[in-house]
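Student: Requesting a structural model of the entry that follows:
(one chain, ligands or ions: 2)
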Amino acid sequence: MISTKKIHPSDKMPVFQTWQDELSAVVDNIDELFALLELPAPPKTQPSSKKFPLRVPHAFINKMQKGNPNDPLLLQVLPDTKEALSVQGYSTDPLAENHHNPTKGILHKYDSRVLITVTGSCAIHCRYCFRQHFDYAGNQPNTQQIDEILAYINKNSQINEVILSGGDPLNLSNKRLKLWLDKLSTINHLHTIRLHTRLPVVLPNRIDNELIELLKSQSKSIVLVLHINHPNEIDTSLSDKCHALKAAGITLLNQTVLLKNINDNADTLAQLSHALFAAGILPYYLHILDKVAGAAHFDLPIEQAVAIYWQLLERLSGYLVPKLVQELPNRPFKTPIDIYQFDQMAKNTKSS
Ligand SMILES: *Cc1c(COP(=O)(O)O)cnc(C)c1O
Ligand code: SF4
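Tutor: Ligands and ions are numbered 1, 2, ... in the order given. This is a model prediction of the structure:
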């Protein structure tokens with residue numbers, strides 16, 4: 001059913017007073033999404049999972065190409081019947097994160113840094129998300145758990161960096177975020193506070209002046225790791241905010257997930273790196289997809305990933321090449337892909 005507010009296909013994005021209004025107006029109805037994109041009504045597919053339904057903000061829809069059912073941004077959010085397939089090797093906890101959960105709300109997998117799931121919610125639901133089956137409800141820390149998290153960080157002095165994650169940490173209000181930052185700032189052995197967020201990309205208005213001032217006023221170094229997969233996700237609404245963040249002394253990095261039919265070629269990834277740099281963001285990681293149940297149709301063979309990466313290396317300045325990594329259960333860091341191993345394989349195949 002189309003929502004009651006009549007949205008003419010040629011209408012521009014609705015105007016919102018605050019980012020919270022924009023967040024509550026996310027599109028969660030396929031018919032509405034297709035109407036906005038001037039696409040014919042979608043086929044009656046299986047209803048998407050109630051636990052991880054369609055969810056996409058207007059600002060992200062606005063970056064999609066009208067009339068294109070294969071738009072690379074649309075494909076990242078559109079539920080697909082293939083999600084229901086059970087594929088061997090794809091599980092609900094591909095990273096064995098449930099084994100690194102020393103206290104509720106914390107993932108401590110890598111020695112020097114700890115990840116806090118400060119909220120379970122995201123502004124957007126990316127269909128390939130590796131945390132789509134994670135027990136967020138049980139990991140949204142309450143007041144007592146927040147104290148336990150801080151006590152844990154306090155007593156583990158090898159931890160020098162905290163990553164606020166989720167869900168999306170910028171889904172928290174500035175006030176809630178400030179509470180976290182105030183508490184973390186009292187821990188001497190922390191040097192850096194990092195936020196893993198997709199909100200600046202999918203809802204740029206989240207980066208309001210109050211947030212910029214809050215981040216600017218911190219005594220610890222602040223790093224924002226964005227999540228952008230395709231150059232079309234970068235427009236002036238995002239890059240203006242990025243330049244403001246940079247001017248406030250914040251380091252901006254990006255992680256990308258390698259996704260079939262979305263960014264699985266060197267042209268797109270090279271364009272992405274250049275667009276990131278122009279927006280003041282440096283490429284950080286290019287992730288091999290985590291083998292999460294429901295996302296197998298986004299995966300590509302590792303040999304193909306390496307072949308694409310080889311072209312990127314040939315084409316881009318070194319600082320524009322993200323690190324190609326895979327997250328494997330129980331490894332003490334994200335594993336760099338051994339690209340020579342596969343090169344040798346390619347050569348052997350050619351010569352045989
Ligand atoms: C990715 C990740 C980190 C951060 O790893 P870096 O290599 O420092 O970016 C930390 N903790 C967990 C659980 C992670 O998944
Ligand atoms: S923004 Fe990140 S955590 Fe949220 S659904 Fe997308 S990939 Fe998952």
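
Student: tally of neighbours for residue 201?
Tutor: A count of nearby residues for residue 201, using other CB atoms under 10 Å, gives 26. Any C-beta I mention is one placed from the backbone N, CA and C, and that applies to glycine too.

Student: part of a helix, is it?
Tutor: Yes. Counting by DSSP: H, G, I helix; E, B strand; the rest coil, residue 201 is found in a helix.

Student: so what's it up against?
Tutor: In this structure, residue 201 makes contact with 60, 226, 227, 228, 233, 234, 238, judged by CB atoms under 8 Å, 6 or more residues apart in numbering.

Student: Please spell out the segments of the chain that come in under the pLDDT threshold.
Tutor: 1-12, 45-49, 136-139, 342-352 (pLDDT under 70).

Student: Find the residue at the geometric middle of it.
Tutor: When CA atoms, centre = their mean is applied to the chain, the residue found nearest the centroid is residue 227 (3.9 Å).

Student: circling back to that earlier point, ok, which pair from the contacts of residue 201 is furthest apart?
Tutor: Greatest spatial distance among these (CB to CB): 60 and 226, at 13.2 Å.

Student: more crowded one of the two?
Tutor: Legend: neighbour count by other CB under 10 Å for residue 60 and residue 226, higher for residue 226 (25 against 22).

Student: what's near enough to touch the more buried one?
Tutor: Residue 226 is in contact with 197, 198, 200, 201, 252, 253, 254, 255, 281, counting by CB under 8 Å, 6+ apart.

Student: Would you format those residues as CSV with distance to ligand 2 and secondary structure included?
Tutor: As requested, the contacts of residue 226 are arranged in CSV below (distance: CB to the nearest ligand atom, whole Å; DSSP: H, G, I helix; E, B strand; the rest coil):
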residue, distance to ligand 2, secondary structure
197, 8, strand
198, 4, coil
200, 11, helix
201, 9, helix
252, 17, strand
253, 15, strand
254, 13, strand
255, 10, strand
281, 16, coil
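
Student: Quickly name whichever of these is closest to residue 212.
Tutor: For the contacts of residue 226, the nearest to residue 212 is residue 200 (11.1 Å; CB to CB).

Student: In contact with the closest one: list those residues for me.
Tutor: 170, 206, 207, 224, 226, 238, 241, 242, 245.

Student: Doesn't the first one belong to a helix?
Tutor: Yes. Residue 170 forms part of a helix when assessed by three-state DSSP.

Student: from the contacts of residue 200, which ones fall inside helices?
Tutor: Among those, DSSP state H puts 238, 241, 242, 245 in helices.

Student: Quick one: name the residues of the stretch 1-150 of the chain near ligand 2.
Tutor: Residues of the stretch 1-150 of the chain lying close to ligand 2 by CB under 6 Å from any ligand atom are 122, 124, 125, 126, 129, 131.

Student: Kindly apply the preceding question to the stretch 151-300 of the chain instead.
Tutor: Residues of the stretch 151-300 of the chain lying near ligand 2 (CB under 6 Å from any ligand atom): 168, 198, 227.

Student: so residue 286 is in which element?
Tutor: Using DSSP states H and E, residue 286 sits in strand 282-287.

Student: and that strand, which strands flank it?
Tutor: Strand 282-287 has the following strand partners under DSSP bridges: strand 251-257 (parallel), strand 323-326 (parallel).

Student: Reformat the ones you listed as TSV; add mean neighbour count.
Tutor: Compiled in TSV, the strands paired with strand 282-287 are given as follows (neighbours: other CB atoms under 10 Å):
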stretch	mean neighbour count
strand 251-257	21
strand 323-326	18
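
Student: Quick one: those strands as TSV, columns for distance to ligand 1 too.
Tutor: TSV is the format used below for these (distance: least, CB to the nearest ligand atom, whole Å):
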stretch	distance to ligand 1
strand 251-257	8
strand 323-326	8
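
Student: Mind putting those into TSV with distance to residue 302?
Tutor: TSV is the format used below for the strands paired with strand 282-287 (distance: least, CB to CB, whole Å):
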stretch	distance to residue 302
strand 251-257	14
strand 323-326	8
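
Student: Tell me which of those strands sits nearest to residue 333.
Tutor: Of all the strands paired with strand 282-287, strand 323-326 comes closest under CB to CB, at 8.6 Å.
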